[in-house]
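Asker: what follows is a predicted structure for the sequence shown.
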Amino acid sequence: MILVTGAKGQVGSDVCARLQQQNRPFLGVDIDALDLTDETAVNAFFASHQEITSVIHCAAYTAVDKAEDDYERCFAVNAYGTMHLAKACGSDIELLYLSSDYIFGDDGFDPLETDDEPEPRGIYAKSKFMGEAAVRMLCKKHYVVRTSWIFGEQDRNFIATILRLADTHDTLRVVFDQIGAPTYSRDLAVLLCDMIESGKYGVFHATNEGECSWFELAQFALRLAGKNVTVLPVTTESYGAKAPRPKNSRLSKRSLDEAGFSRLPTWQDAVKAYLSHRKEQNQ
Ligand SMILES: NC(=O)c1ccc[n+]([C@@H]2O[C@H](COP(=O)([O-])OP(=O)(O)OC[C@H]3O[C@@H](n4cnc5c(N)ncnc54)[C@H](OP(=O)(O)O)[C@@H]3O)[C@@H](O)[C@H]2O)c1
C-alpha cells in the first residue's frame, strides 16, 4: 500500500489520480487527516496502518515568499514534518521526497548535477534542504526528487496567475533572468508512480524538458491562450520578491537517465496539454 501525503495539493492530487488509473492500492491524506508536524499523530498513523510499504511525500509548506516571515511554520512542516515521516519509515518503508531547485543558490549557466554543492538561500529553500537531510539520514530506502516551477490543475500556479492578470492589466512585468524548466504536475506524477516501488533509490532531478525564463513562459502561455497583453522583461532585483531565488535552475537529468527512467515531455508540450485540459474543463 502506497501512502500519498499532500493528496489535495498540485502534485499529490495528480499522483493519486495516476495510482487510481493504474489500479494500485494507495491511501491519500492531507493535513485534515494527518498533520505531519505532530510526531505523535504520525507514529500513531503508521502504527494503525501496518499495510503501508511506500510513501510518496508531496505535502509541504510551499508559500516561498510568505515563509521569509512565517519561518517557524515553514520549518515545522518541511523540515520537522519530513523528519517525523522519515523516522516512521525507518529501514522498512520506502520514502519518495519531493525537493526543489531552490536548494541550489547558483547564478551560473550549467545544468546542476544531483551532487553539486547545495546553497539554499531563503527560508523555504533551507527548510526543503533540511527535509532532504532528514530523509537521507533516517530512511534507508529513499528517493529524493528535485523538481521546479510546478503547474497543475488547481490554478494556484504561475501560468494561471498570468492568464488571470492579463484580463485586468494592459502590461505585466515578468522576470527574465531566472532560467529553469516548468513542470506539469501530471507529467511529474507519471514519473513518481514509475519510480516508487522500483527499488532504484537515489537523488534525481525531474522537470519538463528544455529551458526558459519566467518571461518566456509567460509569453508562450499568453500567446497560446490568445491573450493580448504587453509583457515587460524585468530583472530579479527590480521585481523585488521577498525570498531570494537562484538565477540558474537548470537541472541535469543524468541520474534519471542512468537509472533508466523516462524523461518528461518538453515544457512547451506540457503547457499546451495544460491549457487544452483547462479549456475542456471550462466548457
Ligand atoms: N510548487 C512548486 O513550484 C514546487 C517547485 C519545486 C518543488 N516543489 C515541491 O513539490 C512538492 C509538491 O508541491 P505542490 O506544489 O504540489 O504543493 P501544494 O500544492 O502546496 O500542496 C501541498 C499540500 O501539503 C499540505 N500540507 C501543508 N502542511 C501540511 C502538514 N503540516 N501536514 C500535512 N499536509 C500539509 C497542503 O495543505 P494546505 O494547502 O492546507 O496548506 C497542501 O495540500 C512539495 O514538496 C514542494 O516543496 C514544488
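Answerer: Everything's here; your move. Residues are numbered from 1 along each chain as shown.

Asker: nearest spatial neighbour of Thr207, chain-adjacent residues omitted?
Answerer: Nearest residue to Thr207, sequence neighbours excluded (CB to CB, 6 or more residues apart in numbering): Ala181, at 3.8 Å. Where you see a C-beta, it was placed from the backbone N, CA and C, and this is true even at glycine.

Asker: wait, what's in contact with that neighbour?
Answerer: With contact taken as CB atoms under 8 Å, 6 or more residues apart in numbering, Ala181 is in contact with 148-149, 207-212, 249-251, 267.

Asker: so which of these comes closest to Glu197?
Answerer: The nearest member of the contacts of Ala181 to Glu197, counting by CB to CB, is Thr207 at 22.4 Å.

Asker: OK, contacts around that closest one?
Answerer: By CB under 8 Å, 6+ apart, Thr207 lies in contact with 101, 147-149, 180-183, 251, 264, 267.

Asker: with adjacent residues omitted, what lies nearest to whichever residue of the chain sits closest to the ligand?
Answerer: Of all residues in the chain, the one sitting closest to the ligand is Gly9 (2.0 Å; CB to the nearest ligand atom). Distance criterion CB to CB, 6+ apart; nearest residue to Gly9, sequence neighbours excluded, is Cys58 at 5.6 Å.

Asker: one more: Thr37?
Answerer: Leaving aside its sequence neighbours, Thr37 sits nearest to Ala76 (CB to CB, 6+ apart; 4.5 Å).

Asker: name the residues of the stretch 1-150 of the chain found near the ligand, please.
Answerer: Taking CB under 6 Å from any ligand atom as the contact definition, the stretch 1-150 of the chain meets the ligand at 5-6, 8-12, 30-31, 35-37, 58-62, 77, 81, 98, 100, 128, 147-150.

Asker: before we move on, the earlier item: possible to save the contacts of Thr207 as CSV with pLDDT?
Answerer: Converted to CSV, the contacts of Thr207 look like this (pLDDT from 0 to 100):
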residue, pLDDT
Asp101, 98
Thr147, 98
Ser148, 98
Trp149, 98
Gly180, 98
Ala181, 98
Pro182, 98
Thr183, 98
Leu251, 98
Leu264, 98
Trp267, 98
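
Asker: could you export those residues as JSON lines, including secondary structure?
Answerer: Formatted as JSON lines, the contacts of Thr207 follow (DSSP: H, G, I helix; E, B strand; the rest coil):
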{"residue": "Asp101", "secondary structure": "helix"}
{"residue": "Thr147", "secondary structure": "strand"}
{"residue": "Ser148", "secondary structure": "coil"}
{"residue": "Trp149", "secondary structure": "coil"}
{"residue": "Gly180", "secondary structure": "strand"}
{"residue": "Ala181", "secondary structure": "coil"}
{"residue": "Pro182", "secondary structure": "coil"}
{"residue": "Thr183", "secondary structure": "strand"}
{"residue": "Leu251", "secondary structure": "strand"}
{"residue": "Leu264", "secondary structure": "coil"}
{"residue": "Trp267", "secondary structure": "helix"}
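
Asker: could you dump these to a markdown table with distance to Thr236?
Answerer: Output for the contacts of Thr207, formatted as a markdown table (distance: CB to CB, whole Å):
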| residue | distance to Thr236 |
| --- | --- |
| Asp101 | 14 |
| Thr147 | 20 |
| Ser148 | 15 |
| Trp149 | 14 |
| Gly180 | 12 |
| Ala181 | 17 |
| Pro182 | 17 |
| Thr183 | 20 |
| Leu251 | 18 |
| Leu264 | 26 |
| Trp267 | 20 |
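
Asker: where's the closest residue to Ala79 other than its chain neighbours, which helix or strand?
Answerer: Nearest residue to Ala79, sequence neighbours excluded (CB to CB, 6+ apart): Met130, at 3.7 Å. Take DSSP states H and E as the rule and Met130 turns out to sit in helix 123-138.
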